[in-house]
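K.L.:
predicted model, plus sequence, below.
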Amino acid sequence: MVNVTTAHTRRNLVVGNWKMNGSRAANAALLNDLHAAGPFNGDVAVCAPFPYLADVALALQGSRVAWGAQDCSAHESGAYTGEVSVGMLAEFACRYVLVGHSERRAMHAETDQLVADKAKIALAHGLTPIVCVGETLAEREAGQTEAVVKRQLSAVIHTLAHCISQVVVAYEPVWAIGTSKTASPEQAQAVHAVLRAQLQAATEKAQHMQILYGGSVKADNAVQLFSQPDIDGGLIGGASLKAADFAAICKAMGSTRA
Ligand code: PEP
């Protein structure tokens, strides 16, 4: 693995991925409590299910917490029943959209190229795609971690060309998502360094790009993870559903960067 160490010059970012959870009442309470726990020393965002975006936008407008969606269509509009376009997300002032989450790749057969196309259309509409990459347990055990994440990121680099510097990358080992098995800070840093080096070969702005870690991040492991030189915050699933837990993770990033 390549070891690229960097000065801590990037802003940290913590993003909550609510997945298919919540209710209008529960979301309102969660956002209210999150707001009360802030402000945080870094960027914070929540990615909500589509039907809640209007409520979330209303609750968060004027606050320092941004919002986004968990997926988007790779198409502008048309006969794509059930899909949601980035143009629609832009109408709800989404700043971010997750693309290529491992649950989408695994359960909806999303290919590397489809993920790259989603990232491209997101940027075209002014949203920041959070491009998720990560290996399965079998791939890690077969020594393929580096090859897998590089292949996934490579499709996005080739599709976006010089615009690659505008994305956020999230390294999410599949075996760590929702399993309580977090990658150790050293394991995560090693992969982040590989990703940073790959980005560096594609853009001179790689040092300014945020690379998040996701996979069972909790308040008690966040500080160590976020202290790694190439880890710029986290993508948080389960722990983003409880305001106290999510706020504690948001505060952890504040203690790791100047
Ligand atoms: C995720 O879904 O992106 C995630 C990281 O989930 P969890 O934090 O629950 O592992």
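P.N.:
Everything's here; your move. Residues are numbered from 1 along each chain as shown.
K.L.:
can you map out the strands along the stretch 51-200 of the chain?
P.N.:
65-69, 96-99, 128-133, 168-171 (DSSP state E, counting those that start in this stretch).
K.L.:
residue 23 is nearest to which of those?
P.N.:
Residue 23 lies closest to strand 65-69 among the strands of the stretch 51-200 of the chain, at 16.8 Å (CB to CB). For glycine as for every other residue, the C-beta is placed from the backbone atoms N, C-alpha and C.
K.L.:
what comes into contact with the closest one?
P.N.:
By CB atoms under 8 Å, 6 or more residues apart in numbering, the residues outside strand 65-69 that reach it are 15, 31, 34-35, 38, 43-48, 50, 53, 56-57, 60, 84, 89, 92-98, 127-128, 130.
K.L.:
tell me, which of those residues make contact with the ligand?
P.N.:
Among those, proximity to the ligand is found for none (CB under 6 Å from any ligand atom).
K.L.:
of those, which belong to helices?
P.N.:
Counted as lying in helices by DSSP state H, out of those, are 31, 34, 35, 53, 56, 57, 60, 89.
K.L.:
residues from the stretch 101-250 of the chain in reach of the ligand?
P.N.:
For the stretch 101-250 of the chain, the residues in contact with the ligand (CB under 6 Å from any ligand atom) are 172, 177, 178, 214, 215, 216, 217, 235, 236, 237, 238, 239.
K.L.:
need the contact list for the closest residue in space to residue 169 that isn't next to it in sequence.
P.N.:
Excluding the flanking residues, the one nearest residue 169 by CB to CB, 6 or more residues apart in numbering is residue 211, at 4.7 Å. With contact taken as CB under 8 Å, 6+ apart, residue 211 is in contact with 168, 169, 170, 171, 192, 195, 196, 230, 231, 232.
K.L.:
which of the residues of the stretch 101-250 of the chain next to the ligand fall in helices?
P.N.:
Assignment to helices by DSSP H places none of these there.
K.L.:
lowest pLDDT pick from these?
P.N.:
Lowest pLDDT of those: residue 178, 86.
K.L.:
tell me the contacts of that one?
P.N.:
For residue 178, the contact set (CB under 8 Å, 6+ apart) comprises 216, 237, 238.
K.L.:
pull the number of nearby residues for residue 27.
P.N.:
Residue 27 is flanked by 20 other residues according to other CB atoms under 10 Å.
K.L.:
the residue nearest to residue 185 when sequence neighbours are not counted and residue 139, how far apart?
P.N.:
Leaving aside its sequence neighbours, residue 185 sits nearest to residue 224 (CB to CB, 6+ apart; 4.7 Å). Remark: distance between residue 224 and residue 139 (CB to CB, to the nearest Å) = 24 Å.
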